[in-house]
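S.K.: Need coordinates for the below:
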Amino acid sequence: MTLPPKVQFHEDIRLLIYRPCGVLNEQSVDKIVSIIGDLEAKFQEPFNRFFDTLGHDEVELNFRYVIQVSLYRVLSYGDRPPVKSAILATDTTIGHYFQLHAIITEESPINVRIFQKREDAAKWLGVPIERLAPKFAAG
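M.R.: The predicted model follows:
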């Protein structure tokens, strides 16, 4: 499975990293939800997720959509083993949408937490901070 440039899967530490940029909208959310579903089908073992939202510069979502996606994720993930979804978000609007997602997934095996510091997310996920650092192209 070939992943888009903003998505990495580190099989050695069982971690999906998503570093989107630009507009956070339904299309971008649908895309990563589809990728997560495909990876869950491919790898029967659970994996954690790290979403670095610092590259987003605009948000075009609504609460109804976030509720629908969150409920979909809870139902599609089912009773699989627990996973952690760490969200790096300093924008308050993005933080509110992910907080709603965290509340909806609270009683499911999908454990969502929002962080303002990359170091705190790395500690919670149990991975080296270097693995969460963005890779910049030379030039």
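S.K.: Going along the chain, name the helices of this protein.
M.R.: Here the chain has its helices, by DSSP state H, at 26-42, 63-77, 92-104, 118-125, 129-132.
S.K.: just so I know, which of those lies nearest Tyr18?
M.R.: helix 26-42 (5.4 Å; CB to CB). For the C-beta atoms, the positions are set from N, CA and C on the backbone; glycine is no exception.
S.K.: and the closest one, what other elements does it pack with?
M.R.: strand 7-10, strand 15-18, helix 63-77 (3 or more CB pairs under 8 Å, 6 or more residues apart in numbering; DSSP states H and E).
S.K.: got the contact list for the residue nearest to the spatial centre of the chain?
M.R.: For the chain, the residue nearest the mean C-alpha position is Phe51 (3.9 Å; CA atoms, centre = their mean). Contacts for Phe51 (CB atoms under 8 Å, 6 or more residues apart in numbering) come out as 18, 20, 32, 85-88, 98.
S.K.: one more time with 10 Å, if that's ok
M.R.: Counting by CB atoms under 10 Å, 6 or more residues apart in numbering, Phe51 touches 16-20, 32, 85-89, 94, 98, 112, 114, 121.
S.K.: Quick check: it vs Lys135, distance?
M.R.: Plainly put, Phe51 is 16 Å away from Lys135 if you go by CB to CB, to the nearest Å.
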